[in-house]
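Chemist: Model the following, please.
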Amino acid sequence: KSVQQTLFSNHEWQVVQKHVGSTKRMREEVCAVLHCCRNLTPFSDVSGEQPSLKEYSEQVNQGHCAHFPSKERLRSFLLPTVVSYFIEIGKMRIAGVPLVLTVDGWFSKVQRKSYLGITGHYLDSDACEMRNFPLGIRVLGGESHTGENLLKCLNSALSERQVDPKFVVQIVTDNGGNVVRMANLFFNACRTSLFTSPHRCAAHTIQRIVLEILSAPHVMDVIKPISKAVKYIRSPETSALPMLLQFQERDGLDPLTVIQSVDTRWGSLLEMLKRYIQIKTYIDEVLKKMNRPSPNVRTEDVDVLIQILGPLEKMTTMLSGESYSSLGMICILAKRHLSRIMKDMEEDESVEDILPPESSSFEVSPSEEIQHILRTLNPHDFEMTDKVPSCSLDKVALQRIVFSGLKNRFFRFLKDRDVLALTNILLTPTL
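Modeler: Take a look at the predicted model:
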């Protein structure tokens, strides 16, 4: 009884009994595996020698230490059982519920294979919370990855999870042409769907704008020297990092380390630039001590990049929320930033003048939760700071890249006010 109350709802407990039976040993073994799943503990750690699992077992079994499975039993029987349990629980939760799918394709350089990931998002009416349910990660075989073949993978995943296509109200895709075509083919075949075309991921769209910024003239001339210096300081083969922390402690400061940018997450580049400006004096001192040249970049150039990328990072964070619907925020944030850019470039037109005539129907009244988030925004979050001294980077040219990206990439994908409003209602817990 205590195990049931700790881990499962009544419906879930019925599924557990169906899959593992009612024997005490089976229940204890499955609970141990589920504990690993929920706490991200390696399955190889499922043994009676693990203190965390022993304490957990005694807690849910009122002082009795549960039976833990062998690795062979774990591999051959328990893991497939737990997988089938999660699948059936997911089927139970999404049955007859409107779903929004996110579909993403990628290629693994390590395994030399292509994958298609499919996730369903829905509103749990009991808890009034946003939920996610993975519908599958498909390995794409040797056949060409056309939209038609990807559609077969999508339909197969929906069929296995017993999802009726008529309950799919929207598909959010990356910007891959084959994935977008797959979604269009799906809507053409499913006439009962609310939408006639997919919606491209807003965060992924912003990333493409950032890539255009990084390819602009002289931008990498600013980034590469800083990245090289950061990489040297973080190298375990040198004593530069301890020295950096020591110099800051010497001046009575809480020591800060450098941040290395990661190719797969452009936000880390922005963090690297911010941290560089923050502790630039100490970085230069360390490099001088180590007989290394300091980055030959102007502080003004770094400031320009921070000013350009900062608002885009804020937009990405807000549009990537998992506990609320962000669809109603897209145009609000995009229009706000467009207005700030035009004001900074001293344009005479208003943001409404440069958007399509039907753009007034784009904005959907956001939910109370989203309105609260928007109200808490700092008014300066989307403003450009005062003009900086002359520098090698063309600030206006970079602003125009952002301006063009927001105008052309966002607004052309949003078409119907009623459909957007309905989707916002379907996916926003507070409504």
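Chemist: Show me the longest helix that occurs in this structure.
Modeler: In the chain, taking DSSP state H as the definition, the longest helix is helix 299-319.
Chemist: So Ser339: helix, strand or coil?
Modeler: helix (DSSP: H, G, I helix; E, B strand; the rest coil).
Chemist: burial measure for it, as a count.
Modeler: Using other C-beta atoms under 10 Å, Ser339 has 16 other residues around it. C-beta coordinates here come from the backbone N, C-alpha and C atoms, glycine included.
Chemist: low-scoring stretches of the stretch 301-431 of the chain, by residue?
Modeler: 325, 327-332, 335, 342, 344-391, 410-431 (pLDDT under 70).
Chemist: mind listing the helices for the stretch 1-150 of the chain?
Modeler: 2-7, 10-20, 24-39, 51-60, 71-73, 79-94, 147-160 (DSSP state H, counting those that start in this stretch).
Chemist: ignore the last one, the stretch 151-300 of the chain
Modeler: Using DSSP H, counting those that start in this stretch, helices in the stretch 151-300 of the chain cover 177-189, 202-214, 219-234, 240-250, 267-278, 280-289, 299-319.
Chemist: Packing partners of the fifth one?
Modeler: I take that to be helix 267-278. With contacts taken as 3 or more C-beta pairs under 8 Å, 6 or more residues apart in numbering; DSSP states H and E, helix 267-278 sits against helix 219-234, helix 299-319.
Chemist: May I see those helices arranged in CSV, with mean neighbour count as well?
Modeler: Putting those into CSV (neighbours: other C-beta atoms under 10 Å) gives the following:
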stretch, mean neighbour count
helix 219-234, 17
helix 299-319, 19
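Chemist: ok, of the helices of the stretch 1-150 of the chain, where does mean pLDDT dip lowest?
Modeler: When the helices of the stretch 1-150 of the chain are ranked by mean pLDDT, helix 2-7 comes last with a mean of 44.
Chemist: residues near Thr264, how many?
Modeler: 5.
Chemist: and if you look at Arg73?
Modeler: Quick note: Arg73 (other C-beta under 10 Å) scores 13 neighbours.
Chemist: check contacts around it.
Modeler: Applying C-beta atoms under 8 Å, 6 or more residues apart in numbering to Arg73 gives the contacts Glu29.
Chemist: for Leu101, same thing?
Modeler: Leu101 neighbours (C-beta under 8 Å, 6+ apart): Ile118, Thr119, Gly120, His121, Leu135, Leu154, Val168, Gln170, Ile171, Val172.
Chemist: just these now: which is nearest Ile401?
Modeler: Taking C-beta to C-beta as the measure, Ile401 lies nearest Val172 of these, at 24.2 Å.
Chemist: ok, that closest one - how many residues close by?
Modeler: 20.
Chemist: That one reaches Gly117, doesn't it?
Modeler: No - using C-beta atoms under 8 Å as the test, Val172 is too far from Gly117 to be in contact (11.9 Å).
Chemist: Need the residues touching each of these two.
Modeler: In contact with both Val172 and Gly117: Thr102, Val103, using C-beta under 8 Å, 6+ apart.
Chemist: Adding distance to Arg250, write the helices and strands packed on helix 267-278 out as a markdown table.
Modeler: Formatted as a markdown table, the helices and strands packed on helix 267-278 follow (distance: least, C-beta to C-beta, whole Å):
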| stretch | distance to Arg250 |
| --- | --- |
| helix 219-234 | 17 |
| helix 299-319 | 23 |
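Chemist: Right, I'll call it a day here.
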